[in-house]
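>>> quick one, what's the 3D model for this:
(one chain, ligands or ions: 2)
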Amino acid sequence: MSQRPYVIDQMISAKAIAARVEALAAEITTKFKDTDKLVVVGLLRGSFVFIADLVREIDLPVEVDFLEASSYGDSTTSSREVRILKDLRSGIEGRDVLVVEDIVDTGFTLSHVVGMLKARKPARLEVCALLDKPARREVPVQATWTGFEIPDEFVVGYGIDFAQRNRNLSYIGKVRFTD
Ligand code: IMP
Ligand code: MG
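Ligands and ions are numbered 1, 2, ... in the order given. Take a look at the predicted model:
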């Protein structure tokens with residue numbers, strides 16, 4: 001699959017992403033304004049660019065932690081089985097938590113992760129997803145904040161990969177096969 005030739009068509013520019021990140025961070029700052037410290041949890045690996053930009057726009061004391069859940073493997077089809085490959089370093093009981101995800105697609109990953117983290121009894125837990133593909137949803141789950149709703153296209157860039165490539169693009173583009 002990853003051997004098929006493809007091109008990437010820009011969908012969301014770096015400038016549009018930056019403006020949206022700033023607006024999301026302002027809403028997050030307002031929501032958690034009374035926190036002593038917000039635990040920002042990035043879901044590896046796709047959210048690493050987004051979380052880096054987002055935390056720098058959040059005007060609150062912040063701790064950063066990461067969680068890795070398995071999802072796709074090297075293909076464009078979703079797997080229903082969610083496994084935790086790397087857990088948080090810190091406990092979150094009684095704490096304010098923001099989960100940062102790259103894309104909510106079928107919803108399996110996010111619902112599993114949110115269920116697991118809520119069982120640890122955080123004081124508050126909200127979710128910020130950069131992208132949402134509502135047409136693909138199979139599990140009813142919704143991020144508190146969404147950067148952009150997108151159609152059912154396979155996208156790359158700004159941290160998001162196709163077969164471990166294209167994470168370093170500064171924009172988000174859609175994969176178009178040319179064969
Ligand atoms: P879900 O469990 O189906 O919601 O899958 C969510 C995860 O699948 C995301 O965190 C991404 O890592 C991956 N994913 C979903 N759509 C895309 C895409 O268009 N490009 C790259 N990865 C994707
Ligand atoms: Mg992911």
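>>> excluding its backbone neighbours, what's nearest the residue most central in space within the chain?
By Cα atoms, centre = their mean, the chain has its centre lying nearest to residue 101, at 1.6 Å. Nearest residue to residue 101 in three dimensions, chain neighbours excluded: residue 129, at 4.5 Å (Cβ to Cβ, 6 or more residues apart in numbering). All C-beta atoms are positioned from the backbone trio N, CA, C, and that covers glycine.
>>> surely the one you found touches residue 102?
Yes: taking contacts as Cβ atoms under 8 Å, residue 129 lies within contact range of residue 102: 7.3 Å.
>>> common neighbours of the two, please.
Shared contacts of residue 129 and residue 102 (Cβ atoms under 8 Å, 6 or more residues apart in numbering): none.
>>> can you show me the helices along this structure?
14-31, 48-57, 108-118 (DSSP state H).
>>> what angle do the second one and helix 14-31 make?
By that I understand helix 48-57. Relative orientation of helix 48-57 versus helix 14-31 (axes from the mean of the first three to the mean of the last three Cα atoms, to 10 degrees): 50 degrees.
>>> near ligand 1, which residues of this structure are found?
46, 71-72, 78, 101-110, 154-155, 160 (Cβ under 6 Å from any ligand atom).
>>> run through this structure and note the low-pLDDT ranges.
For the chain, the stretches flagged by pLDDT under 70 are 1-2, 71-79.
>>> recalculate using a threshold of 50.
For the chain, the stretches flagged by pLDDT under 50 are 73-74.
>>> what about the strands in it?
Assigned strands in the chain, in chain order: 6-12, 38-44, 62-69, 84-86, 96-104, 124-132, 145-149, 155-156, 172-177 (criterion: DSSP state E).
>>> among those, which is nearest residue 27?
In terms of Cβ to Cβ, the element of the strands of the chain nearest to residue 27 is strand 145-149, at 6.1 Å.
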